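>>> pasting the sequence and the predicted coordinates here, then a few questions.
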Amino acid sequence: MPDAQAQQAAKLAAAKAALRFIEPGMVVGLGSGSTATLFIQLLGEKVQQGLDIKGIASSEDSEVLGRKLGIPITDFDHHSTIDVAVDGADEVAPGLALIKGGGGKLLREKIVASACKRFIIVADDSKLVKQLGAFPLPVEVIPMAVPLVTEKLSDLGFTPKIRQDKSGNGPYITDEGNILLDCSSSGIADPEVTAAEIRSIIGVVEHGLFLNMAERVLLAGADGSVRELTVEDYPAA
Ligand SMILES: O=C[C@H](O)[C@H](O)[C@H](O)COP(=O)(O)O
């Protein structure tokens, strides 16, 4: 089986495994990205079969998809707590420290993650790493501050690059109208310290380090087997 197909099978297996965390009456956080999309599709099927849940979406794409599938969409005006959110990740490191935002949706994803009782990550096993940072860290920035923030991130040892829109129309613009800087590095040795340093830069709206947020990671292999990792299974060094 070609790699892309194997990875797709793993993503589907992880998405399926997340369904067992969903119970009638719940408010469910709908993540973003290709793995979370598979979960939303499976959840939509359950809703069509009569499952009574509501969704809060972490991106415009997920909201559109959810509505299309008949998932009742709600918001924080009506529900201040999400029971379970299911989302993907770009990297999963010890302590279940994550990099997210490869799809550009990190800001709303982090808002959803901050408001949920259980944050479940679905991913194929290529996302498991020993240290974060091989995947460039996305940082969401107010447009006018991009040159200033770029300089400060460079001082921290990153090589920031403005993300481009796939259509070739210039910079990628987030759901909130901001710019993303994809920050390459030689590795993020201490995610807590790096998160605090980036957070203190004026003009940064949010960054893609999700620390102490994931309750568990459903990590699937190409053979369809799914491993569940908690912080106890994969502790920080
Ligand atoms: O902004 C996008 C999200 O953080 C995604 O959940 C993340 O990039 C993983 O996406 P995928 O499941 O497509 O690998």
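Here it is on my side, so go on.
>>> beyond the lengthiest strand in the chain, next helix or strand please.
Ranked by number of residues, the top strand in the chain under DSSP state E is strand 116-124. Scanning forward in sequence from strand 116-124 by DSSP states H and E, the next helix or strand is strand 137-141.
>>> so what does that following strand touch, helix or strand wise?
Secondary-structure packing of strand 137-141 (3 or more Cβ pairs under 8 Å, 6 or more residues apart in numbering; DSSP states H and E): helix 106-114, helix 146-155, strand 179-184, strand 204-207. Yep, even glycine has a C-beta here, placed from its N, CA and C like the rest.
>>> re earlier: is the longest strand of the chain anywhere near the ligand?
No: on the criterion Cβ under 6 Å from any ligand atom, strand 116-124 is out of touch with the ligand, staying 6.5 Å away.
>>> so what are the sheet partners of that strand and their directions?
When pairing is defined by DSSP bridges, strand 116-124 lines up against strand 82-87 (parallel), strand 216-220 (parallel).
>>> from Arg227, how far out is the residue lying closest to Ala10 once chain neighbours are set aside?
Nearest non-adjacent residue to Ala10, counting by Cβ to Cβ, 6 or more residues apart in numbering: Asp124, 3.6 Å away. For Asp124, the distance to Arg227 (Cβ to Cβ, to the nearest Å) stands at 11 Å.
>>> could you tell me the angle between the worst-scoring helix or strand of the chain on mean pLDDT and strand 216-220?
In the chain, the helix or strand scored least confidently by mean pLDDT, DSSP states H and E is helix 3-18, which has a mean of 95. Between helix 3-18 and strand 216-220, the angle comes out at 140 degrees (axes from the mean of the first three to the mean of the last three Cα atoms, to 10 degrees).
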